[in-house]
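**Q** I would like the atomic coordinates for the input below:
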Amino acid sequence: MSYYPLGGILEASYSIASEPYNVLALSDNHIIWYIKSPCVTINLPATGGLPYETTYEFVDESARATATPITINANGATTINGLSTYVLNTDYQSVKLRLNSFGTNWLVF
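**A** You can find the predicted model right below:
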């Protein structure tokens, strides 16, 4: 894990190399995960208690998403742009997810 300042917000950086990966509810506002093979499934945490505008960013660092798509799963009734999953399926693709003010939907940026 690495920490970087981001305009006064603490940004944390993690590497994912195991499958499936369960994201823990962390207090950092902006967290980046660098996905390394063979991870193909990421499960987001429950949103209860997460601060408004919590931001998670996922990056296909291994450039293998075309051959092995990476599926990000929402938790429970929470959605990602209204859907239960979001798929990274292009090499080096990334996605930034930001929690809406109601804690019910991750918005894709």
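
**Q** Contact partners for the nearest residue to residue 88 once chain neighbours are set aside?
**A** Distance criterion C-beta to C-beta, 6 or more residues apart in numbering; nearest residue to residue 88, sequence neighbours excluded, is residue 70 at 4.2 Å. In this view, the C-beta of every residue, glycine as well, is placed from N, C-alpha and C. Residue 70 makes contacts with 35, 39-42, 58, 60, 87-89, as judged by C-beta atoms under 8 Å, 6 or more residues apart in numbering.

**Q** Flag the least confident of those.
**A** Note: of those, the lowest pLDDT belongs to residue 39, at 71.

**Q** List the buried residues in stretch 39-49.
**A** Under the neighbour-count criterion of 16 or more other C-beta atoms under 10 Å, stretch 39-49 has 39-40, 42, 44-45, 47 buried.

**Q** What's the end-to-end length of it?
**A** 27 Å (C-alpha to C-alpha, to the nearest Å).

**Q** what separates it from the chain centre, distance-wise?
**A** Relative to its parent chain, stretch 39-49 has a centroid offset of 7 Å by C-alpha atoms, centre = their mean, to the nearest Å.

**Q** hmm, back to that, list just the nearest of the contacts of residue 70 to residue 79.
**A** residue 87 (14.1 Å; C-beta to C-beta).
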